[in-house]
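> only geometry, no sequence info:
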């Protein structure tokens, strides 16, 4: 029997890998995913933000038109999602800094819960400010 076949057969009979943070059920995986996706969303938003700021350079009428367009309820929802993404990315980044400076510990679920709670609290404060 060739070595390759024996390796394949051995790999098929090997014990399953231990579930680490990369397992989809682990909170660390979801924290990583939210941090990565919120960063991508913020990066995608930047050109739109610069485009909106560029209208101010064209004069007051261009800026007034852009500000009138932002009164759309769908844009208000998008604005809230943007603040949520910003807060989630900030809180996730701070969580990573704490983990890097203090080392990985058994407190990671607590750090993830605190970061998630802070992001939701900031976005809800924004909504209350937007509505009220």
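Perfect, I can see it now. From a predicted model like this one, the values you see are computed outputs, not experimental measurements.
> Tell me how far the residue nearest in space to the middle of the chain lies from residue 87.
A centroid search over the chain (CA atoms, centre = their mean) returns residue 38, at 2.8 Å, as the residue closest to the centre. Counting by CB to CB, to the nearest Å, the separation of residue 38 from residue 87 is 9 Å. Every residue, glycine included, has its C-beta placed from N, CA and C.
> Where does pLDDT dip in this protein?
The chain contains residues with pLDDT under 70 at 1-23, 104-105.
> residue ranges of the helices in it, please?
3-13, 27-57, 60-69, 73-102, 108-131 (DSSP state H).
> Can you tell me how far residue 88 is from residue 48?
Taken as CB to CB, the span from residue 88 to residue 48 is 19 Å.
> I meant residue 71, not that one.
Per CB to CB, residue 71 is found 17 Å from residue 48.
> Settle it for me: which of these two has more neighbours?
Neighbour totals were compared for residue 71 and residue 48, and residue 48 leads with 11 against 8 (other CB atoms under 10 Å).
> Once you drop chain neighbours, what's closest to residue 116?
Excluding its sequence neighbours, the residue lying closest to residue 116 (CB to CB, 6 or more residues apart in numbering) is residue 91, at 7.1 Å.
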